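# attaching a predicted model along with its sequence, questions to come.
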Amino acid sequence: MTENRFGLDMLSALDSRDSSIKVQNGESDFSRFYHMDVPFQLTLEYCNGPDPKDYVNIVTLSATKAVMYQESLLQKNNSYTKNAPHFHDFFEFVFVLEGNIIQKIEGKEYHYTAGSCCLINRNLRHMEYYHEKSRVLFIGLSPDMITELFDSAQNPLFPNEKEIYDSRLYHFISNDLKEPGIRAYLDFIPAYQNHLHAAHLHTVAEKMIHTLLHPEFGASHQIKGLLCTFLSYLSLPKYYHCTNVRLDTNSDFLLFSRITRLFEESDGRMSRTELEQCLHYSGDYLNRIVNKFTDMCLYDYGMSFCMKKAALLLTESDDSISAIAAALKFTNRTHFYSLFKEAYGVTPKEYRRSRS
């Protein structure tokens, strides 16, 4: 993304009216409450660097209001005390387009990198910290608005539209609508093969911004369609891994869950460097996390998924053992045999014979 995207050329329609989100108990050190008086609102925040004197540009857009203002990074990060996050009466998606942020939810800190996202439900206290150049998209949806979007799939033109009802995203929101105040949120990380995660959602966000700034006939339907595209994209396992995180779960376990999901998808063949790049933690730290929950090192934990996949292919396919080893990225057949025998106590050939 270039610096001009989401830049001043698109923001010429902004004015200085108040945002559609009203802050209640604004002086409170504990219970700031955000009320949204429109069906949805989109907020884009851009931090230009890590220095306290750097700035954060904030743009808020809804169907009726558009506002832009700027804060210093120091002012933004210190706008709340350590004990004063906010909560709200709407569902909020926080999507990191560039850089990374710290999301503090009910006193616990979680790391979100470019391409990752979280869904904060109603009445869950949270706040964001910036510590480097970042661009973050916030999408707020009222309960009525998100209900309307889901209800649109009740009588669809296309049968595939009903697949949203099988997603974790739908069940999480549906449960919160029935029982407000559930102490949990959804964590989304890009699937291993989803290399265009941020680029795709950049495009969706740009279209929403353009439609909000320059509405024409059909704009209401276009916005609802784009919001459905956003929800659908996050709900598909081939694009995103979704985890329901309960607030009694610590941040170490969430990171372990992310590692596990990436190993499951890649059959354990993600290198330490690839995990570092994807999760933005050092390999040593990732190794300590895995060891904490499994008593295994990072490499051995990855190999457990790889050998499980090898056993499955030996049982369910007619591929040669050499072809299976190559498919699992082994260049040394002897090494593959050694690891498999260590895991299952027999050679791959003996394992296949015993399962035939």
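Cool, the structure landed. If you're wondering where the values come from, they're calculated on a predicted model, not measured in any experiment. Residues are numbered from 1 along each chain as shown.

# for the longest helix anywhere in the chain, the distance to its chain's centre please.
In the chain, with assignment by DSSP state H, the single longest helix is helix 298-316. The chain centroid and the centroid of helix 298-316 are separated by 27 Å, computed with CA atoms, centre = their mean, to the nearest Å.

# check which element follows that helix along the chain.
Next in sequence after helix 298-316, counting helices and strands by DSSP states H and E, comes helix 321-327.

# helices and strands around that following helix, which ones?
helix 298-316, helix 333-344, helix 348-355 (3 or more CB pairs under 8 Å, 6 or more residues apart in numbering; DSSP states H and E). No exception for glycine: its C-beta is placed from N, CA and C like everyone else's.

# contacts for that helix?
Residues from elsewhere that reach helix 321-327 (CB atoms under 8 Å, 6 or more residues apart in numbering): 310, 313-314, 317, 319, 333, 336, 348-349, 352.

# which among those end up buried?
310, 313-314, 336, 348, 352 (16 or more other CB atoms under 10 Å).

# from residue 126, how far off is the closest residue in space to residue 184 that isn't next to it in sequence?
Excluding the flanking residues, the one nearest residue 184 by CB to CB, 6 or more residues apart in numbering is residue 246, at 4.8 Å. Computed as CB to CB, to the nearest Å, the residue 246 to residue 126 distance reads 15 Å.

# and if you look at residue 194?
25 Å.

# what do you get for residue 329?
40 Å.

# and the two? Which one has more around it.
residue 126 (20 against 13; other CB atoms under 10 Å).

# show me the contacts for the residue lying closest to that one once chain neighbours are set aside.
Sequence neighbours aside, residue 105 is the residue nearest to residue 126 in space, at 4.4 Å (criterion: CB to CB, 6+ apart). Residue 105 makes contact with 118, 120, 124-126, 185, 247, according to CB under 8 Å, 6+ apart.

# could you list everything residue 105 pairs with in the sheet?
Listed beta-bridge partners, residue 105: residue 108, residue 126 (assigned using DSSP bridges).

# do the same with residue 188
residue 117, residue 242.

# shaky segments in the protein?
1-19, 23-31, 78-85, 248-250 (pLDDT under 70).

# what ranges does it have for its strands?
For the chain, strands defined by DSSP state E occupy the ranges 21-24, 32-36, 40-47, 55-61, 66-72, 86-88, 91-98, 100-105, 108-113, 117-120, 126-130, 134-141, 184-190, 240-246.
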